[in-house]
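Visitor: Sequence and computational prediction follow.
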Amino acid sequence: MGLTLYDKIYNAHLVDPTNTTAPLQYIDAHLIFEVPTPQAFDGLRRNKRSVRRPDLTLATVDHNVPTDDRSGYRDASSFLTEPAARKQVTLLEKNVAEHGIKYFGMSDRRQGIVHVVGPEQGLTLPGSVIFCGDSHTPTHGAVGALAISGSVTEIEHVLATQTVLQHKFKNFRVRVEGDLGPGVYSKDIILHLLSKIGTAGATGYIIEFCGSTIRNLSMEARMVLCNMSIEGGARTALVAPDEVTVEYLQGRPLVPSGEDWDKALTYWRTLQSDEDAHWDYTVDINAVDIVPSITWGTSPDDVIPITGTIPDPADLDGKDDIRAAAIRRSLKYMGLQANMRATDIQIDRVFIGSCTNSRIEDIRAAARVASGRTVAPRVYAMVVPGSGLVRKQAEREGLDTILKKAGFDWREPGCSMCLAMNPDKLAPGERCASTTNRNFEGRQGIGGRTHLLSPAMAAAAAITGHMTDVRELVATGNGSLSNTQLTLGGDKVMSAGAVTVQTEATSTNTLSQPVVDEAFPNRPAEESKISVDGIPKFDILSSVAAPFDMQNINTDLIIPGEFLKTVTRTGLGPSLFRELRYDPITIQEIPECVLNQEPWRHAQILVCTGANFGCGSSREHAVWALTDFGFRCVIAPSFASIFFNNAGKNGLLAIAIDDAKALGLVHAEAMAKRNVVVDLPNQEIRDSSGKRIVRFNVDPYTKHCLLNGLDDISSTLVSEDKIYAFETKQKATFPWLFNRIRKLQPPKRLGLDLPGAKDLLEW
Ligand SMILES: CC(C)[C@H](C(=O)O)[C@@H](O)C(=O)O
Ligand code: SF4
């Protein structure tokens, strides 16, 4: 039987194919940013470890960065007025300087959202494995790479070992055939898919997008699909490389040139799933069935066509009561009525940006709709390019002028209003048409209401002040536009082909710079193999259990974005489930919340009857908030895979019980305020009388680590010789993956710096 593209890349990166208990994947490139790294670098320091491959690591800042005008920028300390944000960013600057890691800071025009910067620079290459401690890392799969996301503990693991522990996932094929209709973009394809499979539909899988529709998509449009695959629970996603990929990559700074380019091309052309590959699951979509869409609720799969109406929970009463309750809660939060028309939803704000939709094609699509029109009087609309280079390109094409003339605010790059971690936030009750990827409660600010949609649809909403079918406003193109002339206001003004940055970028390859070609730059010291940290041991736990019954508890709900500014792993307990525990206005405890009641406020076990616990962001802070509150164990029907992984690495036992009857019994014990016993050695849950309720499964490696309080890095470093052997082989076969990041030039030399900026960051 043949193999899928994922199977091939996974197999080719197994450091030791004989180790099936704790399989290690070699990481060809590691992208880092300010939020999850302070604790990771701190862990390295405490354990006297160094960064194994600074030459395979690239850093930038995005989440905390204000998007205000930077013309007076001097340095991060003076520019960032918010102390916690300043601390995270300056700590990253200190850490990258200390470890010799290349960094695109705020004075560098190459700075931007990690998932925009990586592909833009050509860091992500077909057939390679990239790691980033952020849940939208799947974006990079659009070029045919295996893009792995994780969080703090795994970042530390990658920094120390250049590998990550990764079991094999199953294969999920999404085949889309046919032509997209006018006004339909890849954002609509992914929203359509989510409406079909739900937020856990692809949990345990890697998605490959294929079919004629996908082949006709540009690279940027493919990135949108891969980016939001995590919203369907997929651990990552990819698209097989083709001519569109090759054309996109050629000439970017970190892409091979000359002889290496030819060799790479030959290899990339082999990268596709075999005809007879085994697919564990296939979803077929007909492109004609996709229409411009929006989300109405607080989960990314709450999707309706713009021509549709808001669902009525009464239709599900008696058929699916949990879902009916979830719809009612969403409608209340969103301030909407059942059965109202999508186009009757009035908006206050528009946000065009984020790692989903802030690239040049997105800005072109928005500008085409906005051209010659004016933003509705009560709407504030902002456009935040994904990187300084996207911004520069847009300005070169005059898109900023069109957008500003229409009344849009034109800002500096960053994550901005995607997650309420920087000054760009919604006020309580404000409603936003947003090109982002998550519409969770409080995601864009406490009490803020988010509707996800494409950039063209967002621009249309900005103009009319309500949700609008973009097809009625303008004769639109579609998401498959690539390398074509775009028509704006009747005149041909721009080309959607190669962006100018490529020319600049290519030049970086030709500038002479000393090439550091050490095989293994920072070999960790022998003594560093033993961790001083470890994780809390777990054997038998007896405690009252806090009962929950919500589905899709996402990590933004567990701990909102604003609390991610901490640089330690502790202190998050009081903010756990902030939206559920505290009134947003008075900040008083909500008495109905079980975590505010005795004896559950002291519970060490959380039992949830709703599926897909921990979906959404990869923030390890969600696990830290739970453990800081006092939880040692979470029991639920199913978990999102990144959360599940993060839990085990922090001594929090996540137990999946898919037997509804057994789970009901545990929940009943919790409701009765009786102790529940979780026995890890025997893998069983008992009631307070000692009677076994259910046996549970646990991965043997995780069990071993939990019982013994072992962290992964210590175990991995035991196989260090195997990592060296793999690295040597990789270097001989794919030389272009090495010695490239070090060749990146300082911004000054490329004319990509901010004129007033201090020269601190040029190493
Ligand atoms: C901060 C980061 C860990 C987080 C993620 O993993 O997704 C963020 O990017 C988000 O979108 O919520
Ligand atoms: S989802 Fe939003 S916050 Fe997360 S990386 Fe993308 S832009 Fe940044």
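Guide: Nice, I can see it. Ligands and ions are numbered 1, 2, ... in the order given.
Visitor: Which secondary structure element is home to the residue of the stretch 1-150 of the chain found nearest ligand 1?
Guide: The nearest approach of the stretch 1-150 of the chain to ligand 1 comes at residue 135, 3.6 Å away (CB to the nearest ligand atom). C-beta coordinates here come from the backbone N, C-alpha and C atoms, glycine included. Secondary structure assigned from DSSP states H and E places residue 135 in neither a helix nor a strand.
Visitor: so who does it touch?
Guide: Contact analysis of residue 135 by CB atoms under 8 Å, 6 or more residues apart in numbering lists 149, 230, 616-618, 642.
Visitor: got a list of what the closest residue to it other than its chain neighbours touches?
Guide: Spatially, and ignoring its direct neighbours in sequence, residue 135 is nearest to residue 618 (3.9 Å; CB to CB, 6 or more residues apart in numbering). When contacts are counted by CB under 8 Å, 6+ apart, residue 618 touches 36, 133-135, 149-151, 555, 642, 646.
Visitor: Residue 618 in helix, strand or coil?
Guide: coil (DSSP: H, G, I helix; E, B strand; the rest coil).
Visitor: Scan the contacts of residue 135 and report the most crowded one.
Guide: Using other CB atoms under 10 Å as the neighbour test, the contacts of residue 135 are led by residue 230, with 31 neighbours.
Visitor: ok, now which ones touch that residue?
Guide: Going by CB under 8 Å, 6+ apart, residue 230 touches 135-136, 138, 149, 236, 437, 616.
Visitor: Is it possible to get JSON lines of these that adds distance to residue 164 and pLDDT?
Guide: Formatted as JSON lines, the contacts of residue 230 follow (distance: CB to CB, whole Å; pLDDT from 0 to 100):
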{"residue": "135", "distance to residue 164": "15", "pLDDT": "97"}
{"residue": "136", "distance to residue 164": "17", "pLDDT": "98"}
{"residue": "138", "distance to residue 164": "15", "pLDDT": "98"}
{"residue": "149", "distance to residue 164": "10", "pLDDT": "97"}
{"residue": "236", "distance to residue 164": "12", "pLDDT": "98"}
{"residue": "437", "distance to residue 164": "23", "pLDDT": "98"}
{"residue": "616", "distance to residue 164": "20", "pLDDT": "96"}
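Visitor: Am I right that residue 18 is in a strand?
Guide: No - judged by three-state DSSP, residue 18 forms no part of a strand; its state is coil.
Visitor: I'd like to know how many residues surround it.
Guide: Residue 18 sits with 7 neighbouring residues when counted by other CB under 10 Å.
Visitor: Now do it against residue 305, distance only.
Guide: 51 Å (CB to CB, to the nearest Å).
Visitor: Going by proximity to ligand 2, name the top residue of the stretch 501-650 of the chain.
Guide: Nearest residue of the stretch 501-650 of the chain to ligand 2, counting by CB to the nearest ligand atom: residue 617, 6.8 Å away.
Visitor: Which pLDDT value belongs to that residue?
Guide: At residue 617, the pLDDT value in this model is 96.
Visitor: Surely it is in contact with residue 558?
Guide: No - Residue 617 lies out of contact with residue 558 (CB atoms under 8 Å); the separation is 9.3 Å.
Visitor: Now residue 677. Its backbone dihedrals?
Guide: Dihedral angles of residue 677 (phi, psi; degrees, to the nearest 10) stand at phi -110, psi 120.
Visitor: Would you agree it is in contact with residue 691?
Guide: No - if you go by CB under 8 Å, residue 677 and residue 691 don't touch, sitting 9.7 Å apart.
Visitor: which one of these two has more residues nearby?
Guide: Legend: neighbour count by other CB under 10 Å for residue 677 and residue 691, higher for residue 677 (20 against 9).
Visitor: Quick one: residues contacting the residue lying closest to the more buried one once chain neighbours are set aside.
Guide: Counting by CB to CB, 6+ apart, residue 686 is the residue found nearest to residue 677 once chain neighbours are left out, at 4.2 Å. Residue 686 is in contact with 676-677, 679, 692-693, counting by CB under 8 Å, 6+ apart.
Visitor: okay, which residue is most central for this structure?
Guide: With distances taken as CA atoms, centre = their mean, residue 136 lies nearest the centre of the chain, 2.0 Å away.
Visitor: Let me see the mean pLDDT of stretch 12-28.
Guide: On average, the pLDDT along stretch 12-28 is 95.
Visitor: Quick one: end-to-end distance for it.
Guide: Taking CA to CA, to the nearest Å as the measure, stretch 12-28 stretches 12 Å from start to finish.
Visitor: Please work out which residues outside that stretch touch it.
Guide: 10-11, 56, 125, 127-131, 146, 148, 158, 161-168, 700-701, 712, 715-716, 719, 722-723, 726-727, 730, 734, 737.
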